[in-house]
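Participant: using only what follows, build the 3D model:
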Amino acid sequence: MVNNTVNAMTLRVYNTMSARKEVFTPLQEGKVKMYACGVTVYDHSHIGHARSGIVFDTIYRYLRARGNDVDFVKNFTDIDDKIIRKSQEEKLSWQEVGQKYIASYYEDMDALNILRPTYEPRATEHIDDMIGLVATLLKTGHAYTMGGDVYFSVESYPGYGELSKRSLEEMMAGARVEIDEKKKNPLDFALWKASRQGEPSWDAPFGSGRPGWHIECSVMSTKYLGNPFDIHGGGKDLVFPHHENERAQTEAATGAKFVNYWVHNGFVNIDREKMSKSIGNTLLIKDFFNQYHAEVLRLFFLTTHYRSPVDYSTRSVEDANNVLHRLYYTLERALAAQKGKNVNPARYPEGDEIEKKFFEAMDDDFNTALALSYVLEISKNINKMVDDQDESLIPLIAYTSHIFMTLSDILGLMKNDVSAMESEEKVRHMKRLGLDPSFVENAMRQRMEARQSKNYQKADEIRAMLSEKGIALLDTPNGTEWRIKYTAR
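Facilitator: Coordinates of the predicted model:
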């Protein structure tokens, strides 16, 4: 259920290249070609990977919701120095390491309700194409061989640095290049690495070896999307050197523009400090799942605009958890109001207006934070109608609930069974409190016994004790039930 006015709206996207928002005009009307850099599969994914995955999944969903046919490509780097080191540590082949952590990645992404891209190529499936691109760069004088390695000559490409907006001095510092006397210029980067003893390698006209990291994405993006294509995305940390190098080598080889819109998501901070393996504050997605439902992490990231840094803290995640479960409670109440009734939805103009504002927010560079506020607004409207207990409002509840679910789906939310969500969250809530799951049932039994013996003071004390632990008791005709208190902060 999308208003007709939505199609007339104009999507604007912040382009890292121009450093401003631009009207989004795909190369082919109604068809969008998008590439996002995937993971290097040598370990379990962390919440930084989750943020990038959620950002580009939401963009993918929104572009499709606007009626576009979207070809979305996201790669796997399945050969790399880190993978080789991990294979030695775990006494597995490098292929087994890749398969192990690709499976782990899918587990995490599926739990986060991240749609599978149109294509998910693996680097090792495209070695011949990479060899071809390196050969072209050598032939056109943009690359050179040295000691069995092949390097891209940065000086041969005049536009180097335009994407990252960095001076030569900044790039030299930012590249963190190791001293390598084989390079003509410290900024030159490896296209092909000569084979070493005990490492995987492939035969090439310029020597046996394996591809450098940057060459992979140039090959896999253009192979599936052509050259140029519409959107290239990834984390802000990839702007330099990875995307700068991708752009340089691709445009040097083809003589044509590589990408029209460069889109980058911001960093994840842990308690206001940038998340980094080097300082040991990385949080694995699987560890998050031990504490909260996967959908909480998705909603948490959606509450911040994708280009802004996001600060992960216990308080902010608890807030997201509260919001998510209040939304599910809205859905539960809306379904209960309609249960057993033959309802014909009746148009609700206020709901239409909220839907229009949602799309306006998303059209403003995918502003999920603002868009989510409209989902919360429509949730509030549904609850107000349910609270009125007026049978004549049920058709409006049905109509508004449909808008509520449509907008939630664009954000990748509200895809779980309501009762299952509540049951699972009760278990997690008790686990976070460090209490046995039977704690509440025992307390409820003691309260019932106190009420039966007319010791109302003790009964009230038990209710207050549970309330302090975020547990609300509901006395119903069928007995006492309990629910987690989800409060707005």
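Participant: now do the domain split for the protein, please.
Facilitator: The chain is divided into the following domains under automatic domain parsing: 35-287, 291-418, 435-484.
Participant: and stretch 270-287, how far out from the chain middle?
Facilitator: Relative to its parent chain, stretch 270-287 has a centroid offset of 16 Å by CA atoms, centre = their mean, to the nearest Å.
Participant: how about that stretch: buried residues?
Facilitator: Residues of stretch 270-287 classed as buried by neighbour count (16 or more other CB atoms under 10 Å): 270, 275, 282-285. Any C-beta I mention is one placed from the backbone N, CA and C, and that applies to glycine too.
Participant: so which of the residues you listed comes closest to residue 239?
Facilitator: Using CB to CB, the shortest approach to residue 239 within those belongs to residue 275, at 17.3 Å.
Participant: what about the stretch 201-350 of the chain, any weak spots by pLDDT?
Facilitator: Along the stretch 201-350 of the chain, segments meeting pLDDT under 70 span 278-279.
Participant: now do the strands in it.
Facilitator: 209-211, 229-235, 259-265, 268-270, 273-274, 310-312 (DSSP state E, counting those that start in this stretch).
Participant: same check, this time on the stretch 1-150 of the chain
Facilitator: 12-15, 20-23, 31-36, 69-74, 143-146, 149-152.
Participant: okay, those strands in TSV with mean neighbour count and distance to residue 404 next?
Facilitator: Listed next are the strands of the stretch 1-150 of the chain as TSV, based on neighbours: other CB atoms under 10 Å; distance: least, CB to CB, whole Å:
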stretch	mean neighbour count	distance to residue 404
strand 12-15	18	26
strand 20-23	11	29
strand 31-36	23	26
strand 69-74	21	24
strand 143-146	18	55
strand 149-152	24	51
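Participant: for residue 222, which of those is the nearest?
Facilitator: Of all those, strand 31-36 sits nearest to residue 222, with 8.9 Å by CB to CB.
Participant: which helices and strands sit right next to that closest one?
Facilitator: Using 3 or more CB pairs under 8 Å, 6 or more residues apart in numbering; DSSP states H and E, the elements in contact with strand 31-36 are helix 47-65, strand 69-74, helix 213-225, strand 229-235.
Participant: okay, angle between the shortest one and strand 229-235 too, please.
Facilitator: To tie it back to what came earlier, the one meant is strand 69-74. When axes from the mean of the first three to the mean of the last three CA atoms, to 10 degrees is applied, the directions of strand 69-74 and strand 229-235 differ by 40 degrees.
Participant: CA-only coordinates of strand 69-74, as CSV, when you get a sec.
Facilitator: C-alpha atoms of strand 69-74 as CSV (Å, rounded to 0.1, in the frame of the first residue of the first chain):
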residue,chain,number,x,y,z
ASP,A,69,14.6,-3.6,-10.6
VAL,A,70,17.9,-3.9,-8.6
ASP,A,71,20.9,-5.9,-9.4
PHE,A,72,22.8,-6.0,-6.2
VAL,A,73,26.3,-7.6,-6.0
LYS,A,74,28.2,-8.3,-2.8
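Participant: just the helices from the stretch 151-300 of the chain, written as ranges.
Facilitator: Ranges of helices in the stretch 151-300 of the chain, per DSSP state H, counting those that start in this stretch, are 168-175, 213-225, 244-254, 285-289, 294-302.
Participant: how about the ones you listed in TSV, adding distance to residue 136?
Facilitator: Converted to TSV, the helices of the stretch 151-300 of the chain look like this (distance: least, CB to CB, whole Å):
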stretch	distance to residue 136
helix 168-175	24
helix 213-225	11
helix 244-254	5
helix 285-289	39
helix 294-302	39
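Participant: can you check which of those helices gets nearest to residue 438?
Facilitator: Closest approach to residue 438 among the helices of the stretch 151-300 of the chain is made by helix 285-289 (23.5 Å; CB to CB).
Participant: which helices and strands does the closest one pack with?
Facilitator: Using 3+ CB pairs under 8 Å, 6+ apart: helix 285-289 touches helix 47-65, helix 94-111, helix 294-302.
Participant: closest one to residue 77 among these?
Facilitator: Using CB to CB, those put helix 94-111 closest to residue 77, at 8.9 Å.
Participant: residues near residue 310, how many?
Facilitator: If you count neighbours by other CB atoms under 10 Å, residue 310 ends up with 21.
Participant: ok, residue 321 next?
Facilitator: Residue 321 has 24 neighbouring residues, counting by other CB under 10 Å.
Participant: I'd say it and residue 292 touch.
Facilitator: Yes - with contact defined as CB atoms under 8 Å, residue 321 and residue 292 form a contacting pair (5.8 Å).
Participant: same list (the strands of the stretch 1-150 of the chain) but as a markdown table, adding mean pLDDT and distance to residue 379.
Facilitator: Shown next, in a markdown table, are the strands of the stretch 1-150 of the chain (pLDDT from 0 to 100; distance: least, CB to CB, whole Å):
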| stretch | mean pLDDT | distance to residue 379 |
| --- | --- | --- |
| strand 12-15 | 98 | 27 |
| strand 20-23 | 98 | 29 |
| strand 31-36 | 98 | 30 |
| strand 69-74 | 98 | 28 |
| strand 143-146 | 96 | 56 |
| strand 149-152 | 96 | 52 |
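Participant: okay if I get those strands as TSV plus distance to residue 185?
Facilitator: Shown next, in TSV, are the strands of the stretch 1-150 of the chain (distance: least, CB to CB, whole Å):
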stretch	distance to residue 185
strand 12-15	28
strand 20-23	31
strand 31-36	28
strand 69-74	31
strand 143-146	10
strand 149-152	9
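Participant: which of those sits closest to residue 308?
Facilitator: Closest among the strands of the stretch 1-150 of the chain, using CB to CB: strand 12-15, at 11.2 Å.
Participant: for that closest one, packing partners?
Facilitator: Using 3+ CB pairs under 8 Å, 6+ apart: strand 12-15 touches strand 20-23, strand 259-265.
Participant: what sits up against that strand?
Facilitator: Here strand 12-15 makes contact (CB atoms under 8 Å, 6 or more residues apart in numbering) with 20-24, 231, 260-263, 307, 363-366.
Participant: swap in stretch 331-350?
Facilitator: 381-383, 386, 394-405, 414, 418-419, 422.
Participant: so for that stretch, what gets flagged as buried?
Facilitator: Neighbour counts using 16+ other CB under 10 Å place 331-334, 337-338, 343, 345, 348 of stretch 331-350 among the buried residues.
Participant: just the endpoints, please. Distance across that stretch?
Facilitator: Stretch 331-350 has an end-to-end distance of 18 Å (CA to CA, to the nearest Å).
Participant: can I get the domains of the chain in JSON lines with distance to residue 16?
Facilitator: Formatted as JSON lines, the domains of the chain follow (distance: least, CB to CB, whole Å):
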{"stretch": "domain 35-287", "distance to residue 16": "4"}
{"stretch": "domain 291-418", "distance to residue 16": "9"}
{"stretch": "domain 435-484", "distance to residue 16": "41"}
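Participant: out of these, the one nearest residue 428 is which?
Facilitator: Of those, nearest to residue 428 by CB to CB is domain 291-418, at 6.5 Å.
Participant: quick one: end-to-end distance for that closest one.
Facilitator: 19 Å.
Participant: cool, and stretch 423-442?
Facilitator: 17 Å.
Participant: what sits up against it?
Facilitator: Contacts of stretch 423-442 (CB under 8 Å, 6+ apart): 291-293, 325, 466, 469-471, 482, 484.
Participant: can you pull up the most central residue in the chain?
Facilitator: With distances taken as CA atoms, centre = their mean, residue 54 lies nearest the centre of the chain, 1.6 Å away.
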